[in-house]
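Undergrad: just the structure for this:
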Amino acid sequence: MASIDRILPEHGPLVPEGAAYFPVPNPGTTRNYAFVLVPGFTLLAFSSAVEPLRIANRIAGKPIYSWKLAGEGATTVACSNGASFQVDMGLDELDREDILLVCGGIDVQRATTKGIIAWLRREARRGVTLGGLCTASYALAKAGLLDGKRATIHWENQDGFLEEFEDVKLTKSVFVIDGNRMSTAGGTASIDLMLKIIADDHGEDLANTVADQLIYSSIRTDQDTQRLSIPTRIGVRHPKLSQVIQMMETAIEEPISPADLAEDVGMSTRQLERLFRRYLNRSPKRYYMELRLQKARNLLMQTDMSVINVALACGFASPSHFSKCYRAHYNTTPYRERGTQGSARLSI
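TA: Prediction:
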(Lines give C-alpha, C1' and ligand atoms only; values in the text may rest on other atoms or scores of the structure.)
Protein backbone atom coordinates (compact mmCIF):
# COMPACT_ATOMS: atom_id res chain seq x y z
CA MET A 1 0.00 0.00 0.00
CA ALA A 2 1.30 3.44 -0.88
CA SER A 3 2.31 5.83 1.86
CA ILE A 4 2.18 9.59 1.75
CA ASP A 5 3.88 11.84 4.26
CA ARG A 6 1.69 14.08 6.34
CA ILE A 7 1.07 17.55 5.02
CA LEU A 8 1.45 19.68 8.11
CA PRO A 9 2.34 23.32 8.77
CA GLU A 10 5.42 22.38 10.77
CA HIS A 11 6.78 20.59 7.72
CA GLY A 12 7.44 23.99 6.19
CA PRO A 13 4.48 25.50 4.34
CA LEU A 14 6.21 28.89 4.24
CA VAL A 15 8.69 29.64 1.50
CA PRO A 16 10.70 32.79 0.71
CA GLU A 17 8.66 35.61 -0.71
CA GLY A 18 8.32 35.53 -4.45
CA ALA A 19 6.04 36.72 -7.20
CA ALA A 20 3.08 35.26 -5.33
CA TYR A 21 3.71 37.16 -2.11
CA PHE A 22 0.57 38.87 -0.82
CA PRO A 23 0.89 40.79 2.44
CA VAL A 24 -1.94 40.23 4.90
CA PRO A 25 -2.23 43.19 7.28
CA ASN A 26 -3.41 42.46 10.81
CA PRO A 27 -4.07 38.75 10.20
CA GLY A 28 -5.10 38.16 13.81
CA THR A 29 -4.64 34.76 15.37
CA THR A 30 -3.96 31.67 13.32
CA ARG A 31 -7.15 29.78 12.48
CA ASN A 32 -6.93 26.12 13.37
CA TYR A 33 -8.43 23.20 11.46
CA ALA A 34 -8.68 19.50 12.16
CA PHE A 35 -9.31 17.12 9.28
CA VAL A 36 -10.91 13.90 10.48
CA LEU A 37 -10.08 11.11 8.04
CA VAL A 38 -12.41 8.12 7.87
CA PRO A 39 -11.47 4.90 6.03
CA GLY A 40 -11.97 5.19 2.28
CA PHE A 41 -11.97 9.00 2.29
CA THR A 42 -11.59 10.69 -1.09
CA LEU A 43 -8.11 12.11 -1.58
CA LEU A 44 -9.22 14.73 -4.09
CA ALA A 45 -11.76 16.25 -1.71
CA PHE A 46 -9.24 16.25 1.16
CA SER A 47 -6.29 17.68 -0.77
CA SER A 48 -8.55 20.28 -2.36
CA ALA A 49 -9.30 21.55 1.15
CA VAL A 50 -5.73 21.48 2.48
CA GLU A 51 -3.92 23.01 -0.48
CA PRO A 52 -5.71 26.39 -0.44
CA LEU A 53 -4.71 26.75 3.23
CA ARG A 54 -1.10 25.82 2.50
CA ILE A 55 -0.91 28.24 -0.42
CA ALA A 56 -2.56 31.01 1.61
CA ASN A 57 0.18 30.60 4.23
CA ARG A 58 2.86 30.64 1.59
CA ILE A 59 1.78 33.77 -0.22
CA ALA A 60 0.88 35.59 3.01
CA GLY A 61 4.38 34.86 4.30
CA LYS A 62 3.00 33.86 7.68
CA PRO A 63 0.97 31.00 9.19
CA ILE A 64 -2.54 32.39 8.99
CA TYR A 65 -3.88 28.82 8.99
CA SER A 66 -2.81 25.63 10.73
CA TRP A 67 -4.16 22.10 10.50
CA LYS A 68 -3.79 18.63 11.86
CA LEU A 69 -5.06 15.19 10.93
CA ALA A 70 -7.15 13.02 13.21
CA GLY A 71 -8.69 9.58 13.02
CA GLU A 72 -10.68 7.15 15.08
CA GLY A 73 -8.53 4.51 16.75
CA ALA A 74 -5.82 4.26 14.08
CA THR A 75 -2.42 5.80 13.38
CA THR A 76 -2.89 5.58 9.61
CA VAL A 77 -5.99 5.86 7.46
CA ALA A 78 -6.22 4.63 3.87
CA CYS A 79 -8.06 6.70 1.29
CA SER A 80 -10.12 5.33 -1.58
CA ASN A 81 -7.13 5.03 -3.94
CA GLY A 82 -5.12 2.96 -1.45
CA ALA A 83 -2.71 5.64 -0.27
CA SER A 84 -2.25 5.84 3.51
CA PHE A 85 -2.03 8.96 5.64
CA GLN A 86 -0.56 9.10 9.12
CA VAL A 87 -2.81 10.93 11.54
CA ASP A 88 -1.58 13.03 14.44
CA MET A 89 -4.09 12.03 17.06
CA GLY A 90 -7.32 10.32 17.94
CA LEU A 91 -10.65 12.07 18.23
CA ASP A 92 -10.47 12.37 22.01
CA GLU A 93 -7.11 14.16 21.79
CA LEU A 94 -8.38 17.08 19.74
CA ASP A 95 -8.48 20.49 21.32
CA ARG A 96 -11.27 22.91 20.59
CA GLU A 97 -10.48 23.75 16.98
CA ASP A 98 -12.01 26.58 15.02
CA ILE A 99 -13.32 24.25 12.34
CA LEU A 100 -13.55 20.43 12.28
CA LEU A 101 -13.90 18.90 8.83
CA VAL A 102 -14.77 15.23 8.37
CA CYS A 103 -13.46 13.77 5.11
CA GLY A 104 -15.72 11.09 3.64
CA GLY A 105 -15.63 8.88 0.59
CA ILE A 106 -16.37 5.29 -0.30
CA ASP A 107 -18.60 3.35 2.10
CA VAL A 108 -19.15 6.27 4.46
CA GLN A 109 -22.06 4.43 6.12
CA ARG A 110 -19.70 1.81 7.45
CA ALA A 111 -17.14 4.45 8.41
CA THR A 112 -19.78 6.39 10.37
CA THR A 113 -19.31 4.41 13.56
CA LYS A 114 -21.00 4.93 16.90
CA GLY A 115 -17.78 6.55 18.06
CA ILE A 116 -17.80 9.06 15.20
CA ILE A 117 -21.46 9.90 15.83
CA ALA A 118 -20.91 10.37 19.58
CA TRP A 119 -17.87 12.55 18.93
CA LEU A 120 -19.72 14.72 16.41
CA ARG A 121 -22.61 15.26 18.82
CA ARG A 122 -20.22 16.13 21.63
CA GLU A 123 -18.40 18.70 19.50
CA ALA A 124 -21.72 20.15 18.33
CA ARG A 125 -22.79 20.65 21.95
CA ARG A 126 -19.60 22.63 22.45
CA GLY A 127 -20.59 24.93 19.61
CA VAL A 128 -17.76 23.90 17.31
CA THR A 129 -18.08 24.58 13.58
CA LEU A 130 -18.43 21.23 11.81
CA GLY A 131 -18.18 20.36 8.15
CA GLY A 132 -18.44 17.36 5.89
CA LEU A 133 -16.32 16.97 2.77
CA CYS A 134 -17.53 14.67 0.01
CA THR A 135 -19.92 12.05 1.45
CA ALA A 136 -19.20 13.06 5.06
CA SER A 137 -22.44 15.02 5.01
CA TYR A 138 -23.91 11.59 5.70
CA ALA A 139 -22.01 11.36 9.00
CA LEU A 140 -23.24 14.77 10.12
CA ALA A 141 -26.80 13.92 9.11
CA LYS A 142 -26.63 10.55 10.87
CA ALA A 143 -25.64 12.40 14.05
CA GLY A 144 -28.70 14.64 13.62
CA LEU A 145 -26.58 17.74 13.10
CA LEU A 146 -28.07 18.78 9.76
CA ASP A 147 -31.76 18.62 10.69
CA GLY A 148 -33.46 21.78 9.48
CA LYS A 149 -30.26 23.00 7.82
CA ARG A 150 -29.21 23.35 4.22
CA ALA A 151 -26.57 20.88 3.08
CA THR A 152 -25.19 19.19 0.00
CA ILE A 153 -23.66 15.88 -1.03
CA HIS A 154 -22.38 14.46 -4.33
CA TRP A 155 -25.14 14.37 -6.96
CA GLU A 156 -24.79 10.59 -7.35
CA ASN A 157 -25.70 10.12 -3.69
CA GLN A 158 -28.58 12.57 -3.42
CA ASP A 159 -31.38 10.07 -4.02
CA GLY A 160 -30.35 7.80 -1.16
CA PHE A 161 -29.60 10.73 1.14
CA LEU A 162 -33.04 12.26 0.59
CA GLU A 163 -34.77 9.00 1.42
CA GLU A 164 -32.90 8.61 4.72
CA PHE A 165 -32.75 12.22 5.94
CA GLU A 166 -36.03 13.95 5.21
CA ASP A 167 -35.37 16.77 7.69
CA VAL A 168 -32.25 17.98 5.89
CA LYS A 169 -32.72 20.74 3.32
CA LEU A 170 -30.59 19.09 0.65
CA THR A 171 -29.40 21.27 -2.22
CA LYS A 172 -27.52 20.59 -5.44
CA SER A 173 -24.94 23.29 -4.70
CA VAL A 174 -21.20 22.63 -4.86
CA PHE A 175 -20.91 23.70 -1.23
CA VAL A 176 -23.15 25.01 1.52
CA ILE A 177 -22.48 27.05 4.65
CA ASP A 178 -25.45 27.20 7.01
CA GLY A 179 -24.51 28.74 10.34
CA ASN A 180 -21.80 26.60 11.90
CA ARG A 181 -22.37 23.68 9.52
CA MET A 182 -20.56 23.23 6.22
CA SER A 183 -20.78 20.64 3.49
CA THR A 184 -19.33 20.07 0.05
CA ALA A 185 -20.35 17.92 -2.88
CA GLY A 186 -16.93 16.29 -3.13
CA GLY A 187 -14.04 16.56 -5.56
CA THR A 188 -12.83 20.07 -6.27
CA ALA A 189 -15.82 21.62 -4.48
CA SER A 190 -13.53 21.72 -1.42
CA ILE A 191 -11.46 24.35 -3.22
CA ASP A 192 -14.49 26.59 -3.62
CA LEU A 193 -15.42 26.21 0.05
CA MET A 194 -11.91 27.06 1.25
CA LEU A 195 -11.61 30.02 -1.11
CA LYS A 196 -14.88 31.33 0.33
CA ILE A 197 -13.47 30.94 3.85
CA ILE A 198 -10.20 32.66 2.89
CA ALA A 199 -12.13 35.52 1.27
CA ASP A 200 -14.27 35.95 4.38
CA ASP A 201 -11.19 35.87 6.63
CA HIS A 202 -8.76 38.00 4.65
CA GLY A 203 -10.50 39.43 1.60
CA GLU A 204 -11.22 38.41 -1.98
CA ASP A 205 -7.83 39.60 -3.24
CA LEU A 206 -6.04 36.95 -1.22
CA ALA A 207 -8.58 34.29 -2.23
CA ASN A 208 -8.14 35.20 -5.89
CA THR A 209 -4.36 35.03 -5.56
CA VAL A 210 -4.67 31.56 -4.03
CA ALA A 211 -6.96 30.53 -6.90
CA ASP A 212 -4.37 31.75 -9.41
CA GLN A 213 -1.72 29.62 -7.73
CA LEU A 214 -4.04 26.63 -8.00
CA ILE A 215 -4.63 27.36 -11.71
CA TYR A 216 -8.28 27.57 -10.72
CA SER A 217 -9.74 30.11 -13.10
CA SER A 218 -13.45 29.71 -12.37
CA ILE A 219 -14.31 30.09 -8.69
CA ARG A 220 -17.76 28.76 -7.87
CA THR A 221 -20.10 30.10 -5.22
CA ASP A 222 -22.73 28.37 -3.12
CA GLN A 223 -25.22 29.32 -5.83
CA ASP A 224 -23.49 27.12 -8.41
CA THR A 225 -24.80 23.61 -8.97
CA GLN A 226 -22.71 20.46 -9.23
CA ARG A 227 -23.61 18.99 -12.58
CA LEU A 228 -23.10 20.20 -16.10
CA SER A 229 -26.15 21.72 -17.74
CA ILE A 230 -28.47 19.36 -19.58
CA PRO A 231 -27.38 20.63 -23.04
CA THR A 232 -23.74 20.02 -22.12
CA ARG A 233 -24.45 16.55 -20.70
CA ILE A 234 -26.38 15.34 -23.73
CA GLY A 235 -24.25 17.23 -26.25
CA VAL A 236 -27.28 18.92 -27.78
CA ARG A 237 -28.50 22.50 -27.50
CA HIS A 238 -32.22 22.27 -28.12
CA PRO A 239 -34.37 24.23 -25.62
CA LYS A 240 -37.45 22.02 -25.86
CA LEU A 241 -35.45 18.81 -25.57
CA SER A 242 -33.69 20.15 -22.48
CA GLN A 243 -37.02 21.25 -21.01
CA VAL A 244 -38.54 17.80 -21.44
CA ILE A 245 -35.52 16.08 -19.89
CA GLN A 246 -35.67 18.47 -16.95
CA MET A 247 -39.33 17.56 -16.45
CA MET A 248 -38.48 13.87 -16.59
CA GLU A 249 -35.68 14.20 -14.03
CA THR A 250 -37.96 15.95 -11.56
CA ALA A 251 -40.89 13.53 -11.96
CA ILE A 252 -39.44 10.08 -11.35
CA GLU A 253 -41.90 8.88 -8.69
CA GLU A 254 -44.92 9.96 -10.74
CA PRO A 255 -43.89 9.74 -14.40
CA ILE A 256 -45.48 12.11 -16.89
CA SER A 257 -46.95 10.59 -20.05
CA PRO A 258 -45.28 11.36 -23.41
CA ALA A 259 -48.47 13.12 -24.51
CA ASP A 260 -48.41 15.45 -21.50
CA LEU A 261 -44.68 16.09 -21.90
CA ALA A 262 -45.22 17.04 -25.52
CA GLU A 263 -48.17 19.28 -24.71
CA ASP A 264 -46.23 21.10 -21.98
CA VAL A 265 -43.56 22.18 -24.48
CA GLY A 266 -45.98 22.94 -27.31
CA MET A 267 -45.27 19.90 -29.47
CA SER A 268 -47.19 16.91 -30.74
CA THR A 269 -46.35 13.46 -29.43
CA ARG A 270 -45.00 12.53 -32.86
CA GLN A 271 -42.74 15.59 -32.95
CA LEU A 272 -41.40 14.73 -29.50
CA GLU A 273 -40.72 11.17 -30.63
CA ARG A 274 -38.77 12.40 -33.66
CA LEU A 275 -36.84 14.89 -31.53
CA PHE A 276 -35.62 12.21 -29.12
CA ARG A 277 -34.77 9.74 -31.86
CA ARG A 278 -32.87 12.35 -33.83
CA TYR A 279 -30.68 13.60 -30.99
CA LEU A 280 -30.63 10.76 -28.45
CA ASN A 281 -31.27 7.71 -30.65
CA ARG A 282 -34.04 6.45 -28.40
CA SER A 283 -37.70 7.14 -27.77
CA PRO A 284 -38.86 9.50 -25.00
CA LYS A 285 -40.38 6.49 -23.24
CA ARG A 286 -37.08 4.61 -23.33
CA TYR A 287 -35.05 7.60 -22.16
CA TYR A 288 -37.47 8.17 -19.28
CA MET A 289 -37.28 4.50 -18.30
CA GLU A 290 -33.47 4.68 -18.18
CA LEU A 291 -33.66 7.67 -15.82
CA ARG A 292 -36.05 5.80 -13.53
CA LEU A 293 -33.93 2.66 -13.51
CA GLN A 294 -30.80 4.67 -12.79
CA LYS A 295 -32.45 6.16 -9.72
CA ALA A 296 -33.65 2.70 -8.70
CA ARG A 297 -30.12 1.35 -8.88
CA ASN A 298 -28.84 4.24 -6.76
CA LEU A 299 -31.46 3.52 -4.11
CA LEU A 300 -30.71 -0.20 -4.12
CA MET A 301 -27.00 0.47 -3.68
CA GLN A 302 -27.18 3.36 -1.22
CA THR A 303 -30.15 2.64 1.04
CA ASP A 304 -31.82 -0.17 2.93
CA MET A 305 -35.19 0.52 1.29
CA SER A 306 -37.12 -2.61 0.36
CA VAL A 307 -37.25 -3.49 -3.33
CA ILE A 308 -40.99 -2.79 -3.31
CA ASN A 309 -40.45 0.71 -1.92
CA VAL A 310 -37.66 1.35 -4.43
CA ALA A 311 -40.06 0.36 -7.20
CA LEU A 312 -42.72 2.76 -5.91
CA ALA A 313 -40.18 5.59 -5.52
CA CYS A 314 -39.26 5.18 -9.18
CA GLY A 315 -42.77 5.12 -10.58
CA PHE A 316 -43.39 1.37 -10.84
CA ALA A 317 -46.79 0.29 -9.52
CA SER A 318 -45.94 -3.39 -9.91
CA PRO A 319 -42.80 -4.99 -8.38
CA SER A 320 -42.88 -7.65 -11.09
CA HIS A 321 -42.87 -5.00 -13.83
CA PHE A 322 -40.01 -3.23 -12.06
CA SER A 323 -38.01 -6.45 -11.84
CA LYS A 324 -38.63 -7.22 -15.52
CA CYS A 325 -37.50 -3.75 -16.65
CA TYR A 326 -34.50 -3.82 -14.32
CA ARG A 327 -33.35 -7.20 -15.62
CA ALA A 328 -33.72 -6.08 -19.24
CA HIS A 329 -31.55 -3.01 -18.62
CA TYR A 330 -28.94 -4.25 -16.12
CA ASN A 331 -28.99 -7.99 -16.84
CA THR A 332 -29.71 -8.77 -13.19
CA THR A 333 -32.67 -8.52 -10.85
CA PRO A 334 -33.13 -5.85 -8.18
CA TYR A 335 -32.88 -8.56 -5.51
CA ARG A 336 -29.56 -9.82 -6.85
CA GLU A 337 -28.29 -6.25 -7.19
CA ARG A 338 -29.04 -5.65 -3.54
CA GLY A 339 -27.39 -8.95 -2.59
CA THR A 340 -24.14 -8.20 -4.43
CA GLN A 341 -23.82 -4.83 -2.70
CA GLY A 342 -24.04 -6.16 0.85
CA SER A 343 -24.85 -3.29 3.18
CA ALA A 344 -26.02 -0.05 1.67
CA ARG A 345 -23.17 2.28 0.86
CA LEU A 346 -22.43 5.67 -0.55
CA SER A 347 -19.56 5.56 -3.00
CA ILE A 348 -17.81 8.08 -5.16
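
Undergrad: Ile117 contacts Ala139, correct?
TA: Yes: judged on Cβ atoms under 8 Å, Ile117 makes contact with Ala139 at a distance of 7.3 Å. Using the backbone N, CA and C atoms, a C-beta is placed for each residue, glycine as well.

Undergrad: quick one: low-confidence ranges for this structure?
TA: 1-20, 27, 340-348 (pLDDT under 70).

Undergrad: mind splitting it into its structural domains?
TA: Under the assignment automatic domain parsing, the domains of the chain span 3-213, 230-341.

Undergrad: between these, which one is nearest to Thr221?
TA: Among the domains of the chain, domain 3-213 comes nearest to Thr221, with 7.3 Å by Cβ to Cβ.

Undergrad: what sits opposite Gly90 in the beta ladder?
TA: As for beta bridges, Gly90 partners with Gly71 under DSSP bridges.

Undergrad: gap between it and Ala34?
TA: Using Cβ to Cβ, to the nearest Å, Gly90 is found at 11 Å from Ala34.

Undergrad: His154 too?
TA: As judged by Cβ to Cβ, His154 and Ala34 stand 23 Å apart.

Undergrad: ok, now His321?
TA: Separation of His321 from Ala34 (Cβ to Cβ) stands at 50 Å.

Undergrad: comparing these two, which shows the higher neighbour count?
TA: A direct count of neighbours by other Cβ atoms under 10 Å for His321 and Ala34 places Ala34 higher, at 25 against 11.

Undergrad: could you say which helix or strand holds that one?
TA: strand 31-37 (DSSP states H and E).

Undergrad: and the one helix or strand Leu241 maps to, what does it pack onto?
TA: Per DSSP H and E: Leu241 is located in helix 239-249. If contacts are counted by 3 or more Cβ pairs under 8 Å, 6 or more residues apart in numbering; DSSP states H and E, helix 239-249 sits against helix 230-234, helix 258-264, helix 269-280, helix 284-302.

Undergrad: pick the most buried one from the ones you listed.
TA: With neighbours defined as mean count of other Cβ atoms under 10 Å, those peak in mean count at helix 284-302, which reaches a mean of 20.

Undergrad: mind listing what's buried along the next helix or strand after that one?
TA: Once helix 284-302 ends, the next helix or strand along the chain (criterion: DSSP H and E) is helix 307-313. By neighbour count with 16 or more other Cβ atoms under 10 Å, helix 307-313 contains the buried residues 307, 310-313.

Undergrad: strands of the stretch 101-250 of the chain, residue ranges please.
TA: For the stretch 101-250 of the chain, the strands defined by DSSP state E, counting those that start in this stretch cover 129-133, 150-152, 169-171, 175-178, 181-184.
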